[in-house]
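1. build me a model from this:
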Amino acid sequence: MATETVVRKLDESAVQLPKTAPKAAYVKKTYSPEFLAEHEAVMARVREEGAKRIRRSVERAIAMGIIDKDGNLLKKELPADMLPGADRDFGG
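-> Have a look, this model is predicted:
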């Protein structure tokens, strides 16, 4: 009885990785003054738009009678579906 050894052929198209991949070095980034000025201008517009949205939300909450002009909560009652004994289950 002869025993045959099966040898797998190496795939020529396969890419072999090195045993240890090189680690990325820490690089401290520096930015040009032009980039920083442009970034600050964009962030200023974002903050301005955010402030407008907050003001509109506060005005809407005041108009709905949820808060007063000082931001104090006026409505403390719960909606009907959140009262004890309601037919809703919130998993709590």
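2. pLDDT weak spots in the chain?
-> By pLDDT under 70, the low-scoring segments of the chain are 1-19, 21-22, 89-92.
3. helices of that one, residue ranges please.
-> 33-63 (DSSP state H).
4. buried set for stretch 51-67?
-> A61 (16 or more other Cβ atoms under 10 Å). Every C-beta, even on glycine, is put in place using the N, C-alpha and C of the backbone.
5. next one: it to chain centre, how far?
-> The chain centroid and the centroid of stretch 51-67 are separated by 25 Å under Cα atoms, centre = their mean, to the nearest Å.
6. what are the contacting residues of that stretch?
-> Stretch 51-67 has contacts (Cβ atoms under 8 Å, 6 or more residues apart in numbering) with 68-69, 71, 73-75.
7. also stretch 26-43?
-> Counting by Cβ under 8 Å, 6+ apart, no residue sits against stretch 26-43.
8. chain center to that stretch: distance?
-> For stretch 26-43, the distance to the chain centre is 22 Å (Cα atoms, centre = their mean).
9. with just CA atoms, put it into CSV.
-> In CSV, the C-alpha atoms belonging to stretch 26-43 read as follows (Å, rounded to 0.1, in the frame of the first residue of the first chain):
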residue,chain,number,x,y,z
TYR,A,26,1.4,59.8,16.1
VAL,A,27,1.2,62.8,13.9
LYS,A,28,0.4,66.2,15.4
LYS,A,29,-1.7,68.1,12.9
THR,A,30,-1.2,71.8,12.2
TYR,A,31,-3.7,73.9,10.3
SER,A,32,-3.2,77.0,8.3
PRO,A,33,-4.6,80.3,9.5
GLU,A,34,-6.8,80.4,6.4
PHE,A,35,-8.3,77.0,7.3
LEU,A,36,-8.8,78.0,10.9
ALA,A,37,-10.5,81.3,9.9
GLU,A,38,-12.8,79.5,7.5
HIS,A,39,-13.6,76.9,10.1
GLU,A,40,-14.5,79.5,12.7
ALA,A,41,-16.8,81.3,10.1
VAL,A,42,-18.6,78.0,9.5
MET,A,43,-19.0,77.3,13.2
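10. alright, that wraps it up for me.
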